[in-house]
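Enquirer: coordinates for the following, if possible.
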Amino acid sequence: MANNTEVNETKTAGRRSTKVGVVVSNKMQKSVVVSVENTVMSGMYQKYIKRTSRFMAHCENNDVNVGDRVLIEETRPLSKRKRWSVKEVISRAN
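Expert: Presented below is the predicted three-dimensional model:
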């Protein structure tokens, strides 16, 4: 496996899953779309490939902008596609 300097996902028994990603859209009210990058090993070529997943997350204060790096946390279903909430802003966009 690769030794990443940053942990994208942590899962512990009895705790909610968290992911680190970048906000790609904030055009909704109290919602943002977060893009999370993951590296997986290609079975055929034995190289690491970047895979991207997009998650809708709840943001109560509407204080995040596109390009911000955020930590999202798994929650109960809030709407049809929204199962995550923004826990904290790690770094702001320039």
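
Enquirer: can you give me the distance of the residue nearest to the spatial centre of the chain to residue 72?
Expert: The chain has residue 21 as the residue nearest its centroid, 3.8 Å off, counting by CA atoms, centre = their mean. Using CB to CB, to the nearest Å, one gets 7 Å for the distance from residue 21 to residue 72. Every residue, glycine included, has its C-beta placed from N, CA and C.

Enquirer: which residues are in contact with both of the two?
Expert: 34, 36, 55 (CB atoms under 8 Å, 6 or more residues apart in numbering).

Enquirer: can I get those in a markdown table with neighbour count?
Expert: Converted to a markdown table, those look like this (neighbours: other CB atoms under 10 Å):
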| residue | neighbour count |
| --- | --- |
| 34 | 26 |
| 36 | 17 |
| 55 | 17 |
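
Enquirer: closest one of these to residue 89?
Expert: Among these, residue 34 lies closest to residue 89 (CB to CB), at 11.3 Å.

Enquirer: pull the CA atoms of stretch 58-74 into PDB?
Expert: Extracted in PDB, the C-alpha atoms of stretch 58-74 (Å, rounded to 0.1, in the frame of the first residue of the first chain):
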ATOM      1  CA  HIS A  58     -24.700  19.600   5.000                       C
ATOM      2  CA  CYS A  59     -23.200  23.000   5.900                       C
ATOM      3  CA  GLU A  60     -25.400  24.800   8.400                       C
ATOM      4  CA  ASN A  61     -23.600  28.200   8.300                       C
ATOM      5  CA  ASN A  62     -23.000  28.400   4.500                       C
ATOM      6  CA  ASP A  63     -19.500  29.600   5.300                       C
ATOM      7  CA  VAL A  64     -17.400  27.400   2.900                       C
ATOM      8  CA  ASN A  65     -16.400  28.400  -0.600                       C
ATOM      9  CA  VAL A  66     -15.300  26.500  -3.700                       C
ATOM     10  CA  GLY A  67     -11.700  25.300  -3.200                       C
ATOM     11  CA  ASP A  68     -11.800  25.000   0.600                       C
ATOM     12  CA  ARG A  69     -10.400  21.800   2.000                       C
ATOM     13  CA  VAL A  70     -12.900  20.400   4.500                       C
ATOM     14  CA  LEU A  71     -13.400  17.400   6.800                       C
ATOM     15  CA  ILE A  72     -16.800  15.700   6.400                       C
ATOM     16  CA  GLU A  73     -18.500  13.300   8.800                       C
ATOM     17  CA  GLU A  74     -21.000  10.600   8.100                       C
END
